[in-house]
Structures are given as C-alpha cells and as structure tokens.
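Asker: below is the structure, and that's it, no one-letter string:
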C-alpha cells in the first residue's frame, strides 16, 4: 500500500462498491484527504462524506482533478456518457483509469478515454463491502507493471485480487466469483430452510447455517487443504454426512453449479459483445 498512500484517488460514482473501496483504502492507511468521489445523488453524497470523511462532489470533473488514479464505479449503461464528458479535460490522459463496470471491455473503455490512456479493467464482487471481496484485474497494452501493482493493491484492501493473464478470462471470473455470492446465498437460504424443516427454530437454523458456511470457507482458506480432503475429514463410513452427501449428488448439486457458472460466463460474453 506504500505507493497508494502517496496517490490521489478519484471515484467516478459513489455507490456501494466505491464506498467499500474507499473504506478499504482508508483502513489500509491511505489518508481520507487523498480520496475524492462524485455522485449525482445529493443524499448519497452526504452519506458517503459522513461515513468516510472524504470529499464528495456532484461533478465528476472535480473528483478527477489532480487524481493519479481514477476508479470508474458507475453502471455499465452510463460508462460511455460519463467518460465522454471527461476525456477532453486537461490532464485526462495522465491518471491510471480503473473500471469496475461489469462487462465493459478494455477496447470500449479506450474508445471513451484519451488516446494512450492506461486502463485496468476489474471484476470485483459484492463481499468487498465487508472486506472479503474476490477481484480479478486485467490491463490494456498501455498499463505498466506498476499500474497493475497499484490496481492490485487497491482491490487487496478489500479482499483478494487475481491478475488475469488475458481479458477473455474475466467472463469466466464473472461466472464464478462475480455471480458466485448469489449461488452461496441460495445455498445458505436452502440450508437454513432445511434446518427448519427438521425441527429447528428459524433463528437457530439461520445462525447455524451462516456460521457453518463461514466456518467452512475459513477452514479451507486458512488450512490451504483441498476441499475434497476437508470433506472426507467430516465424512465417516456409514455416518450421517455420507447419507446427506449421497442425496446432494443424487439431486445434482455439483452438475447444477457447473451449469450455473457456465451459463453466467456465456451471458457475460454476450453482454460484453464477446460472442
């Protein structure tokens, strides 16, 4: 984070993901005075300014002014409009531009930015809001090794970050970790409902389901052991767990996850114009 502590970072858009990134940077030691954001919603500007202690403007140009890094954190449908109003500003070719707009390709971003702009495209996910995000990044041909290191440091302030060797892999990232929280939430809901079905009170079933999912993920993360090995550790011959796993396999849980990630990946390619 040493480099980011000395850089000014401007956010075009002040939504939940921008707020999460700003909060992560501040927690990692970046002074709030180095951060700026812009958002058209007055209530949102007030909320972000009060929560984080940063300057928040109505005009994107004020967030851009003097920034070493500009994070494009607006909806994909308004990216072109937002950037076209900035590209002609003096110094607009100087910052590193980082986009978190889902499905907006590097080539599309380049068309909306000054010639020669250094651009990094990122695919974060919503758990970044609680410091547990999973992000993949990829830079254009102008982005240097230092630029990618800066982008990686930014996203590592709210979780983990994987530098993708090719932009085409970001569609697969979208299918896995971008959409993945929704798959986990469905599993979590179903697990709690199953607990209620077998007699647990709703509050107990929800608490135990949440902690089970959290604890299992943390165990896999902290031990570094393969999930299959950890699964076998819980599964005794002829016991309760193998009986449950048998029903999951019969119900097609594994195949359903394969299909979900594949379908989300295909849809990401369609939305980004990748076929």
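Answerer: Okay, I see it. The structure presented is a predicted model; accordingly, all values stated were derived computationally and were not measured.

Asker: how about the helices in the stretch 151-275 of the chain?
Answerer: Across the stretch 151-275 of the chain, reading from the start of the chain, the helices by DSSP state H, counting those that start in this stretch fall at 169-173, 180-197, 202-223, 227-234, 240-250, 253-271.

Asker: and residue 50, how far is that from residue 32?
Answerer: Residue 50 is 12 Å from residue 32, where distance means C-beta to C-beta, to the nearest Å. In this view, the C-beta of every residue, glycine as well, is placed from N, C-alpha and C.

Asker: what lies in contact with stretch 213-221?
Answerer: 184, 187, 188, 191, 227, 230 (C-beta atoms under 8 Å, 6 or more residues apart in numbering).

Asker: apply 10 Å and report the result again.
Answerer: 132, 160, 184-185, 187-188, 191-192, 225-227, 229-231, 233-234 (C-beta atoms under 10 Å, 6 or more residues apart in numbering).

Asker: and residue 16, how many neighbours does it have?
Answerer: A count of nearby residues for residue 16, using other C-beta atoms under 10 Å, gives 13.

Asker: what ranges do the strands span in the stretch 1-150 of the chain?
Answerer: 9-12, 35-38, 55-57, 69-72, 96-99, 118-123, 133-139 (DSSP state E, counting those that start in this stretch).

Asker: would TSV of those with mean neighbour count be doable?
Answerer: Shown next, in TSV, are the strands of the stretch 1-150 of the chain (neighbours: other C-beta atoms under 10 Å):
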stretch	mean neighbour count
strand 9-12	27
strand 35-38	26
strand 55-57	20
strand 69-72	26
strand 96-99	27
strand 118-123	26
strand 133-139	24
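
Asker: want to throw those strands into TSV with mean pLDDT?
Answerer: As requested, the strands of the stretch 1-150 of the chain are arranged in TSV below (pLDDT from 0 to 100):
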stretch	mean pLDDT
strand 9-12	95
strand 35-38	96
strand 55-57	95
strand 69-72	96
strand 96-99	96
strand 118-123	97
strand 133-139	97
